[in-house]
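*Asks:* Sequence and predicted structure below; questions after.
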Amino acid sequence: MKTKEAGSYKVRPHALVSTDDATMYADFIASVPEVDREDEIIMPEDFRTDAWRANPVWLWAHDKASPPIGAGYKGNGDVAIDQSPERMILGCRFSQANPQGALTYALYKEGTLKMVSV
């Protein structure tokens, strides 16, 4: 992945783009060409997404031992990803069967959670 020095870029304040309460679906800006909390810039188009596209699950805190909190599918069944040089947007249909999924969706909606990690 390409990175650039921080320079004059600024950290984005918010990652949540949109939500749909009926389906507990949300879109997030997962990456933009701006400084992240590690003081680096990862270009959105440089993420390798083949493995995620094959199994687009969302994990709480990257915990592979726990059930996923959601899946990255749109309502039409397509994988929920929009990747360009300007940004990468990922979507999540939060699990209604996993209580952590429902809780996480609610925490994003109320503004307690604001960012995602890739």
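*Replies:* Good, I have the coordinates. Residues are numbered from 1 along each chain as shown.

*Asks:* Now name the helix or strand holding Gly91.
*Replies:* For Gly91, the host element (DSSP states H and E) is strand 88-94.

*Asks:* outside of that strand, which residues touch it?
*Replies:* Contacts to strand 88-94, defined as C-beta atoms under 8 Å, 6 or more residues apart in numbering, come from residues 17, 23-32, 44-45, 47, 58, 69-75, 80-83, 101-102, 104-105, 116, 118. In this view, the C-beta of every residue, glycine as well, is placed from N, C-alpha and C.

*Asks:* redo that, cut-off 6 Å
*Replies:* Identification of contacts with strand 88-94 by C-beta atoms under 6 Å, 6 or more residues apart in numbering yields 24-31, 44, 58, 70-73, 80-82, 101, 105.

*Asks:* swap in stretch 98-113?
*Replies:* Leu16, Met24, Trp60, Pro67, Ile69, Gly70, Phe94, Ser95, Gln96.

*Asks:* can you check stretch 72-81 too?
*Replies:* Under C-beta under 6 Å, 6+ apart, the answer for stretch 72-81 is Arg53, Pro56, Leu90, Gly91, Cys92, Arg93.

*Asks:* On the strand side of things, show who the fifth one bridges to.
*Replies:* On the basis of DSSP bridges, Cys92 takes part in beta bridges with Ala26.

*Asks:* which residues touch Gln96?
*Replies:* Contacts of Gln96 by C-beta under 6 Å, 6+ apart are Ala102.

*Asks:* Work out for me the element it sits within.
*Replies:* Here Gln96 is assigned to no helix or strand, by DSSP H and E.

*Asks:* Can you give me the distance of it to Gly70?
*Replies:* According to C-beta to C-beta, to the nearest Å, Gln96 stands 9 Å off from Gly70.
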